[in-house]
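Engineer: Structure, please.
(one chain, ligands or ions: 1)
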Amino acid sequence: MSVNYTKLDSEKLEYVIVAETDEIPNGDRIFLDIDDHSLVVFNIAGKYFAIADICSHDDGPLGDGEIATEFEIACPRHGARFDIRSGEAKSLPASLDIPAYPVRVIDGRIEVGIPIES
Ligand code: FES
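Structural biologist: Next up is the predicted model:
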């Protein structure tokens with residue numbers, strides 16, 4: 001099963017409020033746990049993205065990594081890059097994608113879609 005949850009139908013997701021928009025300024029990020037999902041939520045140029053805070057290479061924490069290019073984060077441990085829009089692994093040593101979660105803003109609140117376990 002794909003871990004790019006941004007592609008899931010909305011009825012397969014439960015949206016959870018994670019912050020007010022002014023709590024994640026442009027260029028900033030927050031870390032949070034929802035159930036057993038460890039996430040990092042980014043604001044990049046006014047758009048919000050959420051990915052897992054776990055690198056698929058060696059389970060290292062990913063969210064503190066540098067934004068290497070506009071939409072790529074580099075793992076702080078061994079440098080693997082991931083697309084923060086899709087979770088796609090973009091460079092070795094990671095070859096497996098990481099979860100990416102849909103994000104929406106309603107009435108100034110940022111909500112992240114968590115897949116409903118079936
Ligand atoms: S743990 Fe991320 S590249 Fe190795």
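Engineer: how close does residue 91 get to residue 26?
Structural biologist: Separation of residue 91 from residue 26 (CB to CB, to the nearest Å): 26 Å. (Each C-beta comes from the backbone N, C-alpha and C, glycine too.)
Engineer: okay, which residue is most central for this structure?
Structural biologist: The centre of the chain sits closest to residue 51, judged by CA atoms, centre = their mean, with a distance of 1.4 Å.
Engineer: That one should be in a helix, yeah?
Structural biologist: No: Residue 51 sits outside any helix when classified using DSSP: H, G, I helix; E, B strand; the rest coil, being strand.
Engineer: Quick check: bridge partners of it?
Structural biologist: Judged by DSSP bridges, the bridge partners of residue 51 are residue 40, residue 100.
Engineer: Quick check: it touching residue 62?
Structural biologist: Yes: if you go by CB atoms under 8 Å, residue 51 and residue 62 touch, sitting 7.3 Å apart.
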